[in-house]
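Student: Sharing a sequence plus its predicted fold:
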Amino acid sequence: VEAFGADAVRYFFLKEIEFGNDGDYSEERFVDIVNANLANDVGNCLNRTLNLLKKNYGSTIPVDAAALPAAHPLRVVAEEQFPKCGPAFERLDFDTALEAALMISGASNLHLSETAPWTAFKKGSDEEKAQAGETLVAVLEALRVVAVMLAPVTPTLSRDILLQLGFSETEVAELAWGDGAWGQLREGHRTAKPSPVFQRIEKAAVPA
């Protein structure tokens, strides 16, 4: 816990080892999974998107997340996976609960890479730039949902994600499970200055 932080340790053991049973552990596997799931699909994706929002919209959400089409791929996956998470936590099926969150964060990271909104911002038409803005909002809203879903296991990471998204300490403290429903990021909402929420663990930093 001292080396890697409580969130990472809780996440790994609840995600990778069936609750109540013994399991295999190696620090290399721990680092690989935490880096892939938390540092990359959540932390890096959030930071890249917030930096694009800052550069192109002055850190201001350009459109309501609720106004994005119901068929938007990130909205679809979020609205499919979020309802699975709570019941899984209630039955102590942590792997299923966390996998639901990962489905959203993984889809967000992939969507950001595939749509490459930075290209549209540089040389796209006005319509393409507007679509790129919607992409940023969709990714940020999806990661907001992920923050709610991960909160029982990674409370510090979830808090930091929500603070980065521009929510106040009071709003974060009053977070409820129902806040995982799609559509809370609103046009005109300002996000915080981009700052990494989860640092990648370097293999060289793993204690011998």
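Tutor: Looks like it came in fine.
Student: quick one: contacts for residue 154?
Tutor: 7-8, 10-11, 38 (C-beta atoms under 8 Å, 6 or more residues apart in numbering). C-beta: built from backbone N, CA, C; applies to glycine.
Student: out of those residues, who's nearest residue 73?
Tutor: Ranked by distance to residue 73 (C-beta to C-beta), the contacts of residue 154 are led by residue 38 at 22.1 Å.
Student: Give me the three-state assignment for the nearest residue to the closest one once chain neighbours are set aside.
Tutor: With sequence-adjacent residues excluded and distances taken as C-beta to C-beta, 6 or more residues apart in numbering, residue 38 is closest to residue 198, at 5.1 Å. Three-state assignment for residue 198 (DSSP: H, G, I helix; E, B strand; the rest coil): coil.
Student: Give me the neighbour count for residue 198.
Tutor: Residues within reach of residue 198, counting by other C-beta atoms under 10 Å, total 24.
Student: one step back: out of the contacts of residue 154, which are inside helices?
Tutor: 7-8, 10-11 (DSSP state H).
Student: top of the contacts of residue 154 by neighbour count?
Tutor: Of the contacts of residue 154, with other C-beta under 10 Å as the count, residue 38 tops at 27 neighbours.
Student: Quick check: residue 86 vs residue 181, distance?
Tutor: 11 Å (C-beta to C-beta, to the nearest Å).
Student: same deal with residue 138?
Tutor: When residue 138 is compared with residue 181 (using C-beta to C-beta), they lie 15 Å apart.
Student: So if I had to pick from the two, which one is more boxed in?
Tutor: residue 138 (26 against 14).
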